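>>> Give me a 3D structure for the following:
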Amino acid sequence: MPEYFRPGQFPVLKEIDMGSKKWRVKSAISNNVVCARNERNQERILVGKGIGFKAKAGDEIDSSRVEKEYFLKSKNITGKLYALLAQTPEVYMEIADAIMKRAQETLGTELDEAILLHLIDHISFAVSRMKQGLDFKNVLLWEIKNFYPKEFEVARYGLSLIEEKTGESLPEDEAGSIAMHILNAEFDYKDINDSVRMTELIHKIVNVVRYQYHMSFDEESVHFIRFITHLKFFAKRLFTDTMLDGDDLDFQGLIRAQYAESYACAEKIAKFIWNDYQIAVPEEELIYLTVYIRRITAMGTED
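From the prediction side, this is the model:
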């Protein structure tokens, strides 16, 4: 039976109650998936066993055979989805849809619709790779688990769905990759490499602070989570050339004076960013980094 959305959800691929609706085929995507138009001339994706077998444009669809109805807001994404579904079992669309819904509910934000395409493609490839016995190791797994716990938990939910729907038990490393796709959509990055670059930057910054203060941090503490959240948005601004550049000189001078050691640490971070990325960090960003460094080191644990 169709799943209904509760208030506050942010559907991307939306499933609708079929009721007594009527459809006509626009095009058959696969034996079990068609593109159709309803009585209001709205384009939808319909899923049902054998629904697309020998279906031709203009054919009326037997509503009793329709198991699910979906639509996307973006016409550009819709066209790409049709092409992907033509060569991918529809079960991956069902899994990807469920992961999106869980992610949007967990994060409380609407995700870029393109995540649907990326998840379908990634999950299909991951399952195929697993069937061939090809091992996969995610070198950023520790960082993903500790820097993005909400996204990672959604990804682990995705692994349980994959096992339930396909019978394949994927390793935790794949949850890391799914979490990165979620993160990509969350921050509206166009390429998953942007999320990788952000993760690597956060890892470097945390290490600078850790070595400067000879401290380890409680990754589950509120202060660590807030620090990582700040760094995620800092990285977003850094890589999209939208960095903060205020001119409150009195405030900046006060922070530099009160938190001199933390400011020196922030300067070290700015130096390696210049060396690695050739991007200059404005004073306003340095001041905010200083404040967050001060907060987390005040709560850290000496090695």
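
>>> Provide the secondary structure category for residue 44.
For residue 44, the assignment made with DSSP: H, G, I helix; E, B strand; the rest coil gives strand.

>>> residues contacting it?
By C-beta atoms under 8 Å, 6 or more residues apart in numbering, the contact list for residue 44 reads 16, 23, 35-38, 69-71. In this view, the C-beta of every residue, glycine as well, is placed from N, C-alpha and C.

>>> do residue 131 as well
Counted by C-beta under 8 Å, 6+ apart, residue 131 has contacts residue 168.

>>> What about the contacts of residue 44, which are in strands?
23, 35-38, 69-71 (DSSP state E).

>>> Quick check: phi and psi on residue 268?
phi -60, psi -40 (degrees, to the nearest 10).

>>> Surely it is in contact with residue 205?
No - between residue 268 and residue 205 there is no contact, the gap being 9.6 Å when judged by C-beta atoms under 8 Å.

>>> neighbour-wise, which of the two wins?
For residue 268 versus residue 205, neighbours defined as other C-beta atoms under 10 Å are more numerous around residue 205 (25 against 14).

>>> any idea whether the more buried one is helix, strand or coil?
Criterion first, three-state DSSP; result for residue 205: helix.

>>> Model confidence at it, what's the number?
Residue 205 carries a pLDDT value of 97.

>>> Next: residue 52.
So residue 52 comes in at 85 (pLDDT).

>>> and the closest residue to residue 184 other than its chain neighbours, what element?
In space, and not counting its chain neighbours, residue 184 is closest to residue 195: 4.7 Å by C-beta to C-beta, 6 or more residues apart in numbering. Per DSSP states H and E: residue 195 is located in helix 192-213.

>>> Name the residues of that helix that come out as buried.
For helix 192-213, burial by neighbour count (16 or more other C-beta atoms under 10 Å) applies to 192, 194-199, 201-203, 205-206, 208-210, 212-213.

>>> Toward the C-terminus from it, list the very next helix or strand.
Next along the chain after helix 192-213, with elements defined by DSSP H and E, is strand 215-216.

>>> Against which helices or strands is that following strand packed?
strand 301-302 (3 or more C-beta pairs under 8 Å, 6 or more residues apart in numbering; DSSP states H and E).

>>> pLDDT of the strand it packs on, averaged?
52.

>>> Leaving out the residues flanking it, which one is nearest to residue 59?
Nearest to residue 59 is residue 25, by C-beta to C-beta, 6+ apart, at 4.5 Å.

>>> so that neighbour makes contact with residue 58?
Yes - in this structure, residue 25 is within contact of residue 58 by C-beta under 8 Å, at 6.5 Å.

>>> of these two, who's got more company?
residue 25 (19 against 9).

>>> Okay, and the beta partners of that one?
Beta-bridge partners recorded for residue 25 (DSSP bridges): residue 36.

>>> all strands of the stretch 1-150 of the chain, in order?
14-15, 23-30, 33-38, 43-47, 68-71 (DSSP state E, counting those that start in this stretch).

>>> shouldn't residue 68 be in contact with residue 46?
Yes - with contact defined as C-beta under 8 Å, residue 68 counts as touching residue 46 (7.3 Å).

>>> just to confirm, which helix or strand has residue 244 in it?
Counting by DSSP H and E, residue 244 is part of no helix or strand.

>>> That one contacts residue 282, correct?
Yes - here residue 244 reaches residue 282: they are 6.5 Å apart, a contact under C-beta under 8 Å.

>>> give the contact list for the residue nearest to residue 184.
Here residue 195 is in contact with 180, 183-184, 187, 189 (C-beta under 8 Å, 6+ apart).

>>> I'd like to know how far it sits from residue 292.
Residue 195 sits 21 Å away from residue 292, going by C-beta to C-beta, to the nearest Å.

>>> now residue 37
From residue 37 to residue 292 the distance is 52 Å (C-beta to C-beta).

>>> The two: who's more crowded?
residue 292 (21 against 15).

>>> sec struct for the more buried one, please.
helix.

>>> Surely it touches residue 227?
Yes - counting by C-beta under 8 Å, residue 292 touches residue 227, with 5.2 Å between them.

>>> overlap in contacts of the two?
If you check residue 292 and residue 227 against C-beta under 8 Å, 6+ apart, no residue is contacted by both.
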